[in-house]
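Asks: The sequence and its predicted three-dimensional model are supplied below.
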Amino acid sequence: MDIRITKGTLSRKMNGTFVLTLDIKTPPDVASLERFLQSEKPRVASLSFERKARSVTANGALWHLIDKIADATKTDRWTVYLEMLRRYGVMIHLLSKPHAVDDVKKQFRIAEEIGKKHVDGVEAIQLRCWVGSSNYDTKQFSRLLDGVIAESRDLGIDFLTDDERDLIMREYEENLP
């Protein structure tokens, strides 16, 4: 259940517990919300900032170029996308307990095991993980798009001038929270 919040307050009661009060923009399904709040089951609520949709132009330009590269290299768009993420995307190194590796891998677009390590006597698996582009901020997306543009030009594919690219990235940045 998603609820858009206009403002909120947090206060502490005398017994040390907290009370979270939220002003909401649009009324939710009141019956479902009441059932959720009155349930005896343990509950978890997540709060996040509302994020505007990514610029359709920037995303469209990225995928158009990926498609052009796929055509020129006689491969599929997903293979090209993953390779572009490896070359220009956001990569992080993680350590995971062996039993959790599969769950960790599911959180990333690409995840590769690179070895084992012992941390304080406990075995851990080292992972190299790439974040999918839908989670990028302006700087990260700009680096990816610039890399794909460069790859395209190397293959003789011209799609965006530098001015067009700058315009697309300004629009992309305006759509971030």
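Replies: On my side now, so go ahead.
Asks: on contacts alone, who are the packing partners of the worst-scoring helix or strand of the chain on mean pLDDT?
Replies: The helix or strand of the chain with the poorest confidence is helix 162-174; it has a mean of 77 (mean pLDDT, DSSP states H and E). On a contact count with 3 or more C-beta pairs under 8 Å, 6 or more residues apart in numbering; DSSP states H and E, helix 162-174 meets helix 56-73, helix 138-154. Bear in mind the C-beta positions are built from the backbone N, C-alpha and C, glycine included.
Asks: Pull out the buried positions in the shortest one.
Replies: When burial is assessed from 16 or more other C-beta atoms under 10 Å, helix 138-154 yields the following buried residues: 138, 141-142, 144-145, 148-149, 151-152.
Asks: Just want the angle from the helix or strand where R87 lies to helix 56-73.
Replies: Using DSSP states H and E, R87 falls within helix 77-88. Counting by axes from the mean of the first three to the mean of the last three C-alpha atoms, to 10 degrees, helix 77-88 lies at 110 degrees to helix 56-73.
Asks: Could you list the buried residues of helix 77-88?
Replies: Buried, per 16+ other C-beta under 10 Å, within helix 77-88: 80-85, 88.
Asks: For L20, give me its contacts.
Replies: Counting by C-beta atoms under 8 Å, 6 or more residues apart in numbering, L20 touches 8-10.
Asks: closest to E173 among the buried residues of helix 138-154?
Replies: Nearest to E173 among the buried residues of helix 138-154 is T138, at 4.3 Å by C-beta to C-beta.
Asks: neighbours around the nearest residue to that closest one once chain neighbours are set aside, how many?
Replies: Counting by C-beta to C-beta, 6 or more residues apart in numbering, T138 lies nearest to E173, which is 4.3 Å off, once chain neighbours are set aside. Neighbours of E173 under the rule other C-beta atoms under 10 Å: 15.
Asks: Next: C129.
Replies: C129: 18 neighbours (other C-beta under 10 Å).
Asks: Assess the claim that it and K106 are in contact.
Replies: No: contact criterion C-beta atoms under 8 Å: C129 and K106 do not qualify, at 10.7 Å.
Asks: picking that back up, in the next helix or strand after the helix holding R87, what counts as buried?
Replies: Following helix 77-88 in sequence order, the next helix or strand is strand 91-96 (DSSP H and E). By 16+ other C-beta under 10 Å, the buried positions in strand 91-96 come out as 94, 96.
Asks: Can you pull the phi and psi angles for the nearest residue to K105 once chain neighbours are set aside?
Replies: Nearest non-adjacent residue to K105, counting by C-beta to C-beta, 6+ apart: A111, 3.9 Å away. In terms of degrees, to the nearest 10, the main-chain angles of A111 are phi -140, psi 130.
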